[in-house]
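Asker: Next input, structure requested:
(2 chains)
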Protein chains: 2
Amino acid sequence: MGLTYRDAGVDIDAGERLVDRIGPLARATRTPHVLSGIGGFAGLCGLPDDIEDPVLVSGTDGVGTKLDIAVQLDRHDTVGIDLVAMCVNDIITTGARPLFFLDYFATGKLDVDRATAVVSGIAEGCKQAECALLGGETAELPGFYDGGRYDLAGFAVGVVSRSKILTGAAVADGDVILGVASSGLHSNGFSLARKALLEVGGLALDTPHDDGTLGSTLLEPTKIYARTVAAALAAAPQGVHALCHVTGGGIVGNLPRVLPEGCSAVLDGTWHEPSIFDRIRKVADVPESEMRRTFNLGIGLIVVVPPSAAASVQEAMASAGETVVAIGRVVPTVETTPRVRYLADE
Amino acid sequence: MGLTYRDAGVDIDAGERLVDRIGPLARATRTPHVLSGIGGFAGLCGLPDDIEDPVLVSGTDGVGTKLDIAVQLDRHDTVGIDLVAMCVNDIITTGARPLFFLDYFATGKLDVDRATAVVSGIAEGCKQAECALLGGETAELPGFYDGGRYDLAGFAVGVVSRSKILTGAAVADGDVILGVASSGLHSNGFSLARKALLEVGGLALDTPHDDGTLGSTLLEPTKIYARTVAAALAAAPQGVHALCHVTGGGIVGNLPRVLPEGCSAVLDGTWHEPSIFDRIRKVADVPESEMRRTFNLGIGLIVVVPPSAAASVQEAMASAGETVVAIGRVVPTVETTPRVRYLADE
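Answerer: The predicted model follows:
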């Protein structure tokens, strides 16, 4: 008997069983723009016909070491929501409407049930973002990942009319900074969170926290802001000056990306901070500057609006189910101070 | 002193140094369609204006355990070419023109020099495919990858006019099957190749092979067929009935994906097979059926054409620098025989 691909650790049949299981999940996310039944090697998607001079907007991201929590809890049906969220929340900051999504799933030894759970989360995320799961790749890489570990990468494409791209150029002195509540850590800073809580603090994932456990709190899926942003843009087409996804780097690392040079932000810091952040802060004595440049600290999305549009945008996003508060103001940049300042520091 | 993100194994400064290094590499791949200087969270790309009723075509893939060879040889500037090739060679089978590419690079401990080398290969691949490197994500995942290991995922988007999508529906009895030479293993079957050569065969990567070593032969970058396909489509706009990327699964696993139900293929099997395949076959006594469903065996792309267009398509691709040979014919499907048959078996 000679050597086979299966002997080398790659199970083609398991891959085919997985394809059978995830087909219906992907089909359930189809939009009218998807061309089905053709393109054996690739996914095909048309463009909405109500977008004049369309520009494609694309982003890629992963879930990071939040995956470790999923593996430890053996709960795999939510990290796919995180994956979609991390990519989609990036592309919608340009004003784009999500169109389709692709995923890459890599593991050492393919477990069909686990992979199906992961993809079911991705499909759920695509539904929340109203985009189609157009394709994906499952890679079985013997020896690359220990035990049940796996990695995920996502890729989102959206579309925006060229004349409606949000660049942040409209942001002006006096604009109101609205903060949209996050659901917790989202998918950033998990290496620090894990080190602080599980290593320095010596806490177990089944330690009670709020109404659940530390594990369930850490695994809470990232909010997907696609519908919220669509509602804001519909309520005030000219009244959204900039959108900022509070991703890796926190508010201090991300808000400057959408502020024009002469504009800075002063934050009042009085919004509700989910209790998980203070637990991390205290258990490992994490400096406040490190907390701010690592975590979203309760604000997952920032919307910069002129004062005249603040009420209507806030109301539109609240109607879409979000908790939205004014967290600060745009002020002129002062050379000697940071672009994002906290009132509490002054 | 409290805990910091760096203590947790994530080096934000290294990430920023990497961004500085790869910026110029990505900018060098820009096409006129890319909108630059805006979109801090995402990449923006317009559409070519010569494509009527555009349909987007998208695919994702990785490099697989070919990455292990790169790590063992400590040579990281070519696997990016493989990454682009695996994605782009998929999307062009629909007749699409590549538009842009994004990459995901994940490692346990970020090595800026190594990551820069990887991205330089990706940029080189994008140049060969004439698409823009529009974005990417670098993930530092402490504890996820042993030693210097890393994983790569790629995402390609192309565009094709709705009326020009290649579906394979035009394939007919008597069509000529043209095979375009591969450069070797491309990026498929490496788990089997490594097991056969390095474990069963006990060969070292510096073992002489052809004019080089086993290592250099295995690491030879995957051919990118974007220009070749563009040349074929330009030479015979109606004369290309189907395109097949010979990726994981070999010819037997991929050619049926573009053949309509009533059509099968008979291959004469007389094309040149690079010597690496026979070395794998013999060193581990790999059954021929396993060789065929794992490797490309010398043919990286298949073009199905009507006899009337065979000469012009073959000549156009040869002028683009490829070795192209007629490898078989389309015949009516016979229920009791495989969709892809080899004359040598009959």
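Asker: Give me the three-state assignment for A:I327.
Answerer: Here A:I327 is strand, with the state taken from DSSP: H, G, I helix; E, B strand; the rest coil.
Asker: distance of it from chain B?
Answerer: 19 Å (C-beta to the nearest C-beta, to the nearest Å). For the C-beta atoms, the positions are set from N, CA and C on the backbone; glycine is no exception.
Asker: list the contacts for that residue?
Answerer: A:177-179, A:267-271, A:299, A:302 (C-beta atoms under 8 Å, 6 or more residues apart in numbering or on different chains).
Asker: Just the element for the closest residue to it other than its chain neighbours, please.
Answerer: Computed as C-beta to C-beta, 6 or more residues apart in numbering or on different chains, the closest residue to A:I327 that is not its neighbour in sequence is A:G179, at 3.9 Å. Counting by DSSP states H and E, the element that carries A:G179 is strand A:176-181.
Asker: From the rest of the structure, what touches that strand?
Answerer: A:223, A:225, A:228, A:255, A:265, A:267, A:271-272, A:298-307, A:310, A:313-314, A:317, A:322-330.
Asker: Now restrict these to buried residues only.
Answerer: When the contacts of strand A:176-181 are checked for burial by 16 or more other C-beta atoms under 10 Å in any protein chain shown, the buried set is A:223, A:225, A:228, A:255, A:265, A:267, A:271, A:298-306, A:310, A:313-314, A:317, A:322, A:324-330.
Asker: Bridged to A:G328, which residues?
Answerer: Taking DSSP bridges as the rule, A:G328 bridges to A:I177, A:L267.
Asker: Test my guess that it contacts A:C263.
Answerer: No: using C-beta atoms under 8 Å, A:G328 is not in contact with A:C263; the gap is 11.9 Å.
Asker: What ranges in chain A fall below the confidence cut-off?
Answerer: For chain A, the stretches flagged by pLDDT under 70 are A:1, A:37-39.
Asker: Can you check which helix is longest in it?
Answerer: helix A:112-129 (DSSP state H).
Asker: Is any residue of it near chain B?
Answerer: No: if you take C-beta under 8 Å from any C-beta of the partner chain as the test, helix A:112-129 misses chain B, and the best it gets is 12.3 Å.
Asker: now do stretch A:303-317
Answerer: No: applying C-beta under 8 Å from any C-beta, one finds stretch A:303-317 separated from chain B by no less than 13.1 Å.
Asker: who's in contact with that stretch?
Answerer: By C-beta under 8 Å, 6+ apart, stretch A:303-317 touches A:168, A:171-172, A:174-178, A:180, A:228-229, A:231-232, A:234-236, A:238-244, A:258-259, A:324, A:326, A:330.
Asker: With stretch A:8-21 instead?
Answerer: By C-beta under 8 Å, 6+ apart, stretch A:8-21 touches A:5-6, A:109-110, A:112, A:115-116, A:119, A:138, A:140, A:142-143, B:191-192, B:194-196, B:249, B:293.
Asker: circling back: switch the contacts of A:I327 over to CSV; also include distance to A:A129.
Answerer: Formatted as CSV, the contacts of A:I327 follow (distance: C-beta to C-beta, whole Å):
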residue, distance to A:A129
A:I177, 24
A:L178, 21
A:G179, 21
A:L267, 28
A:D268, 31
A:G269, 30
A:T270, 30
A:W271, 24
A:I299, 20
A:I302, 19
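Asker: Among these, which one sits closest to chain B?
Answerer: Closest to chain B out of the contacts of A:I327 is A:I302 (11.6 Å), distances taken as C-beta to the nearest C-beta.
Asker: Going by secondary structure, that closest one is in what exactly?
Answerer: Short version, using DSSP H and E: A:I302 is in strand A:299-305.
Asker: Could you confirm A:I91 falls within a helix?
Answerer: Yes: the assignment for A:I91 is a helix, going by three-state DSSP.
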